[in-house]
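# When you get a sec, could you give me coordinates for this:
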Amino acid sequence: MFTGWPSDATAFLTEIDADNTREFWEAHGHRHATAVQGPMRALAADLEPEFGPVRVLRAHRNRRFRPTAPPYRTDTGGVGSSPGGAALTVVLSATSLTTAVGHWMFDPGQLRRYRVAVLEAAGEQLPALLDGHCVDRRRSLRGAPRGFRGDHVRIDLLKLLGLQVTTARAVGPWLATAEPLEWVRAAWRTAMPLVAWLDTHVGPADPVPPRPRPAP
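Numbers count the residues shown, from 1 in each chain. Coordinates of the predicted model:
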């Protein structure tokens, strides 16, 4: 059962951000297990009955494709998924607890289906579904997509290369209570109408075909 993050959770995340080294981890990694990841696993377990499995992020980064990235995460989090592939995420950093729901980035097939839906009758529903939400627009084209006029009535939606809504709250004593669980639940529940729209009209990412094996 999730009962909160102790104050050492944000203290540890602050320190690992300042000293992201193997030496620091070897001396203080036990704090991560107790104060950071343990509560995150409990939070994920309490969210699972309503939202399905929530995968807890590993502390060590996979640097295979990002060799210059710091070796250890400076946050902790969990990721769930809707039946249609929309992500439900929660992340605790040294400064805030954040949720994000939707698709960080559409693949080509999803982007095509999304734009078709925006142009059709389904697109009329989207502004109301987004009303009151903070839409993450970091993956948005500066200009109009090819083939669309800049004055199109839904151009702001057509510019998006992914669609997710976010919430954030500053860290504080409230983290040491059960309140974060209810806060995350409320944020995810509020976004469920948008998730239903995305599942219906965009769906999961297209399967990645396996790479051909070299001939023996």
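# Nearest to the spatial middle of this protein, which residue is it?
In the chain, the C-alpha closest to the average C-alpha coordinate belongs to Thr89, at a distance of 3.8 Å (Cα atoms, centre = their mean).
# what about that residue, which SS state?
strand (DSSP: H, G, I helix; E, B strand; the rest coil).
# Asp199 versus that one, what's the distance?
Using Cβ to Cβ, to the nearest Å, we find Thr89 at a distance of 16 Å from Asp199. For every residue, glycine as well, the C-beta is placed using N, CA and C.
# One more: Thr190?
Using Cβ to Cβ, one gets 16 Å for the distance from Thr190 to Asp199.
# for this structure, what spans make up the helices?
For the chain, the helices defined by DSSP state H occupy 7-18, 22-31, 38-51, 108-119, 126-130, 155-158, 179-190, 192-201.
# Same list, the ones you listed, but as TSV with distance to Arg139 and mean pLDDT please.
Below are these laid out as TSV (distance: least, Cβ to Cβ, whole Å; pLDDT from 0 to 100):
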stretch	distance to Arg139	mean pLDDT
helix 7-18	25	97
helix 22-31	32	95
helix 38-51	24	98
helix 108-119	10	96
helix 126-130	15	96
helix 155-158	13	95
helix 179-190	20	98
helix 192-201	15	98
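# With distance to Thr99 and mean neighbour count added, can I get the ones you listed in a markdown table?
As requested, those are exported to a markdown table (distance: least, Cβ to Cβ, whole Å; neighbours: other Cβ atoms under 10 Å):
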| stretch | distance to Thr99 | mean neighbour count |
| --- | --- | --- |
| helix 7-18 | 17 | 18 |
| helix 22-31 | 25 | 13 |
| helix 38-51 | 11 | 18 |
| helix 108-119 | 21 | 17 |
| helix 126-130 | 15 | 15 |
| helix 155-158 | 21 | 17 |
| helix 179-190 | 4 | 18 |
| helix 192-201 | 12 | 18 |
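# Tell me what Leu92 is bridged to.
Listed beta-bridge partners, Leu92: Thr76, Leu97 (assigned using DSSP bridges).
# which residues does it contact?
For Leu92, the residues meeting the contact criterion (Cβ atoms under 8 Å, 6 or more residues apart in numbering) are 5, 9-10, 13, 36, 40, 75-77, 98, 171, 175.
# now it: how far from Val118?
The separation that Leu92 has from Val118, given Cβ to Cβ, amounts to 33 Å.
# again, but for Leu88
Distance of Leu88 to Val118, computed by Cβ to Cβ: 22 Å.
# The nearest residue to Tyr114 once chain neighbours are set aside: how many residues sit nearby?
Distance criterion Cβ to Cβ, 6 or more residues apart in numbering; nearest residue to Tyr114, sequence neighbours excluded, is Val202 at 5.0 Å. Residues lying near Val202 (other Cβ atoms under 10 Å) number 24.
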